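[1] Turn this into a model:
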Amino acid sequence: MNLSTLFAIALERSPDKLALEFADAEQPGRVERYTYGELYAAVERWAGALQRLGLQKGDRIAFFLGNRPEFVIAYLAVIRLGGVMVPINLRYRKREISHILHDSTARFLLTEASQQPVLDELEAGDLAALERVLSVDATESWLDDASTPAPVLVQGEDLALILYTSGTTGRSKGAMITHNNVLATVTGLLSAWAWEREDVILLPLPLFHTHGLIVGLHCTLAAGATTRLRPHFDLAETLEVLGSGSATLFFAVPTIYFRLVDALRRMEKKPDFSRMRLFCSGSAPLPAETHTEFEQLTGLRILERYGMTETGMNLSNPYAGPRIAGTVGTPLPGVCARIVDGQNNPVPPGVEGELLVRGSNVFDGYWQDPAKTAASFSTDGEGIRWFHTGDLARQDAQTGYVTLLGRRHELIISGGFNIYPREIEEMLCAFAGVIEAAVVGTPHPDWGEVPVAYLVCTGALDEAGLVAFCRSQLASFKLPRRFHYVEQLPRNAMGKVQKHLLPKG
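    This next block holds a predicted model:
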């Protein structure tokens, strides 16, 4: 089975059902709608055009596109032909785009007029390796005279995507994602989150990222449900749509939930979210305080899950069962997880270690980087291969739920003691006036490292009171030695704090 055959089920069952709606709050009245029949008719046309231009099985085609119907249509056409889509983060600029184009050896680049100024900044050699740059809104008629595409044998082990990591510790790496990898994540989520054909998802997350593309779009198409696609998050429109009953699902990153909670807190009359079946958060840790306050304001509990570019989705709080703030639940169907010490020995519940996962969802390896691939996996005593997530975690002995403690490379070791930044960050966010917190280690002549905190606050803060609060909550070696007040924390497109970009000192 491949992704195209999975998606064909919805077309077979409900060709007249609304598959995709696209609207832009900044362009009132502009709404595009596609039934499943109309969507796949467009996919066949695009597949014919791309095949006529020479796209063959295994060819890479880079997408530098925002959320729009053409992204969806072109992607489905590419995988229909056995091509490999390489999405590029729209926040990337010259150095990052050049690296991805060269590293992936893409034959084609699909883009749009609004992104042309960014592409104009590239060196001539960056685009020279491409056979053609295709615009989805250009006047050139590359889509004209598209013939019916010839059949292509696409198998589950074939590549569907090369997803580049955020590259916070160096050059971004291309994770090779097969059809089977995506199928494993999608089918697991369809079961775990009780997807229904009647579901409608409001999707403002970027399609160049696994959260929007695989968790949002893929699951919706596989369920035969409806995607209300948006170019970006718009607070007013989101509250209107979710409160009007015209959506049942909403997936977002913590920064979006921060804004929703802040808006709801200030509203005298709260919107009616009674038709909403599921609010989900991912791509970065959701502070327990935000989780709790959202429930207090809406009566609904956010479901937090955990995944990675390389693995799709790994763990999730249950759909039917306790959703515990600050945890990411238990492994999804088909996923196995273990927590190990520095010698790869499993540790008992309650003990911190690195989280390892395995399953059909785990990627094939890094594109053209066998050394990095080999370093990211290990084999246990029974010959079973595990992927090292690089995330530190702890499992609760009673519930089995996993709590993430932070990235392994962010661990602070002070005087021989391990300090997990997330524990301090959660505590700081519980203090009145602190909206967000990021804790990092800074060199110290006596202790090796000590923690310092960067805070986003609502206004002037009672620092003496904050220090006293910290002392009442934490061991002395975990206390931040300094507090830096910033207007915002640096984040990537999916809301993950990029601590390496914090000002030094």
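[2] For the host helix or strand of Pro117, buried residues please.
    In the assignment (DSSP states H and E), Pro117 maps to helix 116-119. The neighbour-count check on helix 116-119 (16 or more other Cβ atoms under 10 Å) flags Val118 as buried. Every residue, glycine included, has its C-beta placed from N, CA and C.
[3] Name the next helix or strand downstream of it, please.
    Assigned by DSSP H and E, the successor of helix 116-119 is helix 124-128.
[4] that's a strand at Arg305, yeah?
    Yes: inclusion of Arg305 in a strand is indicated when DSSP: H, G, I helix; E, B strand; the rest coil is applied.
[5] Okay, now the unreliable bits of the stretch 151-300 of the chain?
    In the predicted model, the stretch 151-300 of the chain carries pLDDT under 70 at residues 166-170.
[6] So what's the residue count around Thr5?
    Counted with other Cβ atoms under 10 Å, residues neighbouring Thr5 total 12.
[7] before we move on, what SS does it have?
    Here Thr5 takes the helix state, with states given by three-state DSSP.
[8] Please shift the residue numbers so they start at 53 in all later answers.
    OK, 53 is where the count begins now, so the last one is Thr57.
[9] Could you measure from it over to Arg147?
    For Thr57, the distance to Arg147 equals 39 Å [Cβ to Cβ, to the nearest Å].
[10] Same check on Gln79?
    Here the criterion is Cβ to Cβ. By it, Gln79 lies 32 Å from Arg147.
[11] Just want the most central residue of this protein.
    Centroid check for the chain by Cα atoms, centre = their mean gives His263 as the closest residue, at 3.4 Å.
[12] do you know how far that one is from Leu338?
    His263 sits 13 Å away from Leu338, taking Cβ to Cβ as the criterion.
[13] Then Ile266?
    Taking Cβ to Cβ as the measure, Ile266 falls 19 Å from Leu338.
[14] and if you look at Phe415?
    Distance, Phe415 to Leu338, by Cβ to Cβ: 25 Å.
[15] ditto for Asn397
    Counting by Cβ to Cβ, the gap from Asn397 to Leu338 is 30 Å.
[16] Tell me where the stretch 153-302 of the chain has strands.
    Counting by DSSP state E, counting those that start in this stretch, the stretch 153-302 of the chain has strands at residues 160-163, 184-187, 211-216, 226-230, 252-255, 278-281, 301-304.
[17] Can you say which of those is nearest to Thr87?
    With Cβ to Cβ, the closest approach to Thr87 among these belongs to strand 278-281: 9.9 Å.
[18] what lines up beside that closest one in the sheet?
    If you go by DSSP bridges, strand 278-281 pairs up with strand 70-75 (parallel), strand 252-255 (parallel).
[19] hang on, the earlier thing: OK, contacts around the residue nearest to the centre of the chain?
    When contacts are counted by Cβ atoms under 8 Å, 6 or more residues apart in numbering, His263 touches 257, 303, 305, 334-335, 359, 546.
[20] Would you show me how to pick out the buried ones of those in ChimeraX?
    Burial among the contacts of His263 is assessed by 16+ other Cβ under 10 Å; the matching ChimeraX selection reads:
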select :257,303,305,334,335,359,546
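[21] could you dump the contacts of His263 to TSV with distance to Ala246?
    As requested, the contacts of His263 are arranged in TSV below (distance: Cβ to Cβ, whole Å):
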residue	distance to Ala246
Leu257	21
Phe303	15
Val305	22
Gly334	17
Ser335	22
Gly359	18
Met546	25
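[22] for the contacts of His263, which one is nearest Leu182?
    When the contacts of His263 are ranked by distance to Leu182 (Cβ to Cβ), Met546 comes first, at 26.5 Å.
[23] Look up the pLDDT of that closest one for me, please.
    Predicted confidence (pLDDT) at Met546: the value is 63.
[24] same check, this time on Ala190
    The confidence metric pLDDT takes the value 66 at Ala190.
[25] Show me the domain layout of the chain.
    Following automatic domain parsing, one finds the domains of the chain at 55-272, 285-458, 463-553.
[26] Which one of those lies nearest to Thr278?
    With Cβ to Cβ as the measure, domain 55-272 is the member of the domains of the chain nearest Thr278 (4.5 Å).
[27] ranking the strands of the stretch 153-302 of the chain by burial, who's on top?
    Comparing these by mean neighbour count (mean count of other Cβ atoms under 10 Å), strand 301-304 comes out on top with a mean of 26.
[28] Extract the CA atoms of it and return them as CSV.
    What follows is strand 301-304, C-alpha atoms only, in CSV (Å, rounded to 0.1, in the frame of the first residue of the first chain):
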residue,chain,number,x,y,z
LEU,A,301,-10.7,19.6,15.4
PHE,A,302,-8.0,22.2,16.0
PHE,A,303,-4.3,21.4,16.1
ALA,A,304,-1.8,24.0,17.2
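[29] what ranges do the helices span in the stretch 203-352 of the chain?
    Along the stretch 203-352 of the chain, counting by DSSP state H, counting those that start in this stretch, helices occupy 231-244, 262, 271-275, 287-296, 306-318, 340-350.
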